[in-house]
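A.B. asks: Model the structure of this input:
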Amino acid sequence: MNNQVKSAARVLDVLELLSSQTQPLRLNELVAKLGFPKSSAFGLLSTLVARGYVAKDSADRYAIVETFRQGFGWVGGFESFLRAVATPIVEEVRDLLDETVFLCVRTEQQNARLLTKAVSRQPIRYDSSDQHSMPGYGTVMGRVLLAFQPPEVIDAYFARTELRAFNDKTPTSEAEIRAALEKIRTDGYGTIVDEYATGGAGIAAPIRNAEGRVVAAIDVATVTARYEQRRDEMLAAVLDSAARISTRLGYRPEGRADTRLTVQGDA
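C.D. replies: Numbers count the residues shown, from 1 in each chain. Now for the predicted structure:
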């Protein structure tokens, strides 16, 4: 007995075919190779593009996202999956703004740990070590990740954390930092200017998983002078990229249609 679900099998057929190609394929080429109805193939490709597994170029050609070409990231756990689906967007934002873009996750100590980045090509730019753990209270990524934790987690963080200054602009009182966390929850993003690294600024937004939990933060990090000139442009890019990555993780805000892949009748 063949227990395969046709729609699921077709998804795998599409992914396996695109993984084997060195050049993108047009819809008609994919249909010819796989023998699918054109309407079904288009629907599958549209879903895979929306979920971040397949990329569509300006010539309406389809290719597997490069991060997946050597194997699918979720085999290494959630962080591998997150890195795989987010990296193309991180690089896209870097190319759009020519500023450094970080993607961070939360550590058990409620600090920010760098998961992936795309560094600005400008001669004067902001960067950070891949292994650097950034303090939850002192960096914009750390604050965004901390802000959306349960109250008891935040209370425990302040109870054990020494709030030391990194320079003369670093807020070091619990009340100041709690106010910053509340503003992040209200605004849906966070900003920082010179409070962690003198001459450095950043703007970050939360990334949510399918259950709505904040699991990561994306940050545009730049020098203060460029931040002050381009703040609105950077904010728009950060909010858009955070929403797109969240969508790829399965997050659907209330009232938004769910476009996740489902098994439906075949055309």
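
A.B. asks: what are the ranges of the strands in the protein?
C.D. replies: Using DSSP state E, the strands found in the chain span residues 25-26, 54-56, 61-64, 100-106, 112-118, 133-134, 190-193, 200-208, 214-223.

A.B. asks: got TSV for these, with mean neighbour count, distance to residue 241 and mean pLDDT too?
C.D. replies: Every residue, glycine included, has its C-beta placed from N, CA and C. Formatted as TSV, those follow (neighbours: other C-beta atoms under 10 Å; distance: least, C-beta to C-beta, whole Å; pLDDT from 0 to 100):
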stretch	mean neighbour count	distance to residue 241	mean pLDDT
strand 25-26	16	27	94
strand 54-56	17	15	86
strand 61-64	19	21	90
strand 100-106	26	8	95
strand 112-118	21	11	92
strand 133-134	18	19	84
strand 190-193	22	15	97
strand 200-208	25	8	97
strand 214-223	27	5	97
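
A.B. asks: could I get these as CSV with distance to residue 182?
C.D. replies: Shown next, in CSV, are the strands of the chain (distance: least, C-beta to C-beta, whole Å):
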stretch, distance to residue 182
strand 25-26, 49
strand 54-56, 38
strand 61-64, 42
strand 100-106, 18
strand 112-118, 19
strand 133-134, 20
strand 190-193, 11
strand 200-208, 14
strand 214-223, 15
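
A.B. asks: For this structure, which segments are assigned as helices?
C.D. replies: 6-20, 27-34, 38-50, 78-97, 140-147, 151-160, 174-187, 224-248 (DSSP state H).

A.B. asks: Can you tell me which of those is most buried?
C.D. replies: helix 140-147 (a mean of 28; mean count of other C-beta atoms under 10 Å).

A.B. asks: what residue ranges in the stretch 101-250 of the chain score low on pLDDT?
C.D. replies: 130-132 (pLDDT under 70).

A.B. asks: give me that answer again for 50
C.D. replies: Of all residues in the stretch 101-250 of the chain, none has pLDDT under 50.

A.B. asks: nearest spatial neighbour of residue 99, skipping sequence neighbours?
C.D. replies: Closest residue to residue 99 apart from its sequence neighbours, by C-beta to C-beta, 6 or more residues apart in numbering: residue 222 at 4.5 Å.

A.B. asks: so that neighbour sits right up against residue 201, yeah?
C.D. replies: Yes - applying C-beta atoms under 8 Å, one finds residue 222 in contact with residue 201, separated by 5.8 Å.

A.B. asks: which residues does the spatially closest residue to residue 230 that is not a sequence neighbour contact?
C.D. replies: Spatial nearest neighbour of residue 230, chain neighbours left out: residue 97 (7.3 Å); criterion: C-beta to C-beta, 6+ apart. The neighbours of residue 97, taking C-beta atoms under 8 Å, 6 or more residues apart in numbering as the test, are 220, 222, 230, 233-234, 237.

A.B. asks: okay if I get the residues you listed as CSV plus distance to residue 18?
C.D. replies: Listed next are those as CSV, based on distance: C-beta to C-beta, whole Å:
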residue, distance to residue 18
220, 31
222, 35
230, 36
233, 33
234, 33
237, 28
